[in-house]
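Asker: Pasting a predicted model and its sequence here:
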Amino acid sequence: MNNAQMSVRVGLFFLLGVALIWITHQSLTGSKLGRDDGYDLTTRFATIKELKAGDEVRLAGVTVGAVEATRLSGRHAEVVMRISDGIEVAADSVATIAMSRLLGSNYVSLTLGSPNSRAIAPGSMLRSEDTPGLNTVISQVGEIGRKVEQALTQFAGALGTDGSSDGLMGKLNAVIDDNAAKIDAITTNLEIVTTRLRDGEGTLGKLLTEEQGYNDLVLAIAEIRSAAESANAFMTEAESMVVHLKRGEGTLGTLMYDETAAANLRLTMSNLQELSNKLNSGEGTLGRLINDDELYLEAQSTIQKVNRAVDGLADQGPITAVGVAANSLF
């Protein structure tokens, strides 16, 4: 093998190695061979959290592109995203930087946006929201831990678990020591009460131990429930009656709400009162009959004369009968 062939082979191996290195780099960074495919979108963040070119761009969790470049723009960090052709991003979509796993790489997450939103134009600026990073979350968790530790320390001091008499536990122990005799008496009484209940003494003990007492209680409760149902039915009927009265239905409703019937009733009562006054004062024939004894005696005498005349008519002729009747009456 001459030197020329050896040089050609070495050159081919070198070019093949460079190509493999480049292809590996493109695969690891997520870049594509054809940069002319797709369109660019730009968004801004306060910090890109170690986001780098080649990281994925996901729309609703689906990879739709990659980060083209990152750069500073004033007091913001800009991210240029390369979106694949055929993928439409809503104009009101929001970009955030998310983490694929706890120790994984970051990526740009895009929301779907509203259904009625138009597609954003290529090269436009997309709205973004900053989310707390892992370091911020760890710092916040540490701050919460410190606050919890302080709260527990204060709580322990308030309880007096350190043995001080000014704490809650110390005061509670002092109260228990001062009232030990009363606590013993209460405990003894509770023991006596529970013993009597167990032995079936007293009303509550009988209810707990005797079947008949329990049955009587159940029967009484059933009767109370029945009485309550009857009361509810009565109240329902009373409400219905009140409704009919308010509508002016029935005699009583008419008297209560019909002005004409009420006026007639008042007139009738007035006439009855006037009539009773006249009868009491002896006015008129009926009043004189009720209050004048002489008129009653005269009427009784007349009735007796009529009876005698009728008795005499049976024994006399027609003409004689007329004369007898006239004589008897006058």
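Answerer: Arrived safely, thanks for sending. Numbers count the residues shown, from 1 in each chain.
Asker: Could you check the lengthiest strand in the chain and say which residues are buried?
Answerer: Longest among the strand segments of the chain by residue count, using DSSP state E, is strand 62-73. By neighbour count on 16 or more other Cβ atoms under 10 Å, the buried set for strand 62-73 is 64, 65, 66, 67, 68, 70. Where you see a C-beta, it was placed from the backbone N, CA and C, and this is true even at glycine.
Asker: Which elements pack onto that strand?
Answerer: In this structure, strand 62-73 makes packing contacts with strand 56-59, strand 76-83, judged by 3 or more Cβ pairs under 8 Å, 6 or more residues apart in numbering; DSSP states H and E.
Asker: now these in JSON lines, with distance to residue 111?
Answerer: Output for these, formatted as JSON lines (distance: least, Cβ to Cβ, whole Å):
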{"stretch": "strand 56-59", "distance to residue 111": "8"}
{"stretch": "strand 76-83", "distance to residue 111": "14"}
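Asker: Identify whichever of those strands lies nearest to residue 279.
Answerer: strand 56-59 (107.7 Å; Cβ to Cβ).
Asker: From the contact counts, what lies against the closest one?
Answerer: Against strand 56-59 (3+ Cβ pairs under 8 Å, 6+ apart) you get strand 62-73, strand 76-83, strand 106-110.
Asker: quick one: average confidence on stretch 192-206?
Answerer: The average pLDDT for stretch 192-206 rounds to 78.
Asker: coming back round to it: next, format the helices and strands packed on strand 56-59 as CSV and append mean pLDDT and distance to residue 91.
Answerer: Formatted as CSV, the helices and strands packed on strand 56-59 follow (pLDDT from 0 to 100; distance: least, Cβ to Cβ, whole Å):
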stretch, mean pLDDT, distance to residue 91
strand 62-73, 88, 16
strand 76-83, 90, 13
strand 106-110, 88, 12
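Asker: will you turn those into a markdown table that also has distance to residue 145?
Answerer: Converted to a markdown table, the helices and strands packed on strand 56-59 look like this (distance: least, Cβ to Cβ, whole Å):
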| stretch | distance to residue 145 |
| --- | --- |
| strand 62-73 | 34 |
| strand 76-83 | 31 |
| strand 106-110 | 26 |
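Asker: any idea how far residue 186 lies from residue 192?
Answerer: 11 Å (Cβ to Cβ, to the nearest Å).
Asker: ok, back up a step: okay, the angle between the longest strand of the chain and strand 106-110?
Answerer: Here strand 62-73 runs at 110 degrees with respect to strand 106-110, directions being taken by axes from the mean of the first three to the mean of the last three Cα atoms, to 10 degrees.
Asker: strands paired with strand 62-73, and their directions?
Answerer: If you go by DSSP bridges, strand 62-73 pairs up with strand 56-59 (antiparallel), strand 76-83 (antiparallel).
Asker: now those strands as TSV including mean neighbour count and distance to residue 123?
Answerer: Converted to TSV, those look like this (neighbours: other Cβ atoms under 10 Å; distance: least, Cβ to Cβ, whole Å):
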stretch	mean neighbour count	distance to residue 123
strand 56-59	21	15
strand 76-83	20	10
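Asker: nearest to residue 197, of the ones you listed?
Answerer: Using Cβ to Cβ, the nearest of the strands paired with strand 62-73 to residue 197 is strand 56-59, at 70.1 Å.
Asker: What lies in contact with that closest one?
Answerer: With contact meaning Cβ atoms under 8 Å, 6 or more residues apart in numbering, strand 56-59 is reached by 30, 63-67, 81-83, 87, 89, 93, 98, 100, 107-110, 112.
Asker: ok, 6 Å please
Answerer: Residues from elsewhere that reach strand 56-59 (Cβ atoms under 6 Å, 6 or more residues apart in numbering): 30, 63, 64, 65, 66, 81, 107, 108, 109, 110.
Asker: quick check, nearest of the residues you listed to residue 229?
Answerer: For the contacts of strand 56-59, the nearest to residue 229 is residue 109 (64.4 Å; Cβ to Cβ).
Asker: Need the three-state assignment for the nearest residue in space to that closest one that is not next to it in sequence.
Answerer: Spatial nearest neighbour of residue 109, excluding adjacent residues (Cβ to Cβ, 6 or more residues apart in numbering): residue 98 at 4.3 Å. Per DSSP: H, G, I helix; E, B strand; the rest coil, the secondary structure class of residue 98 is strand.
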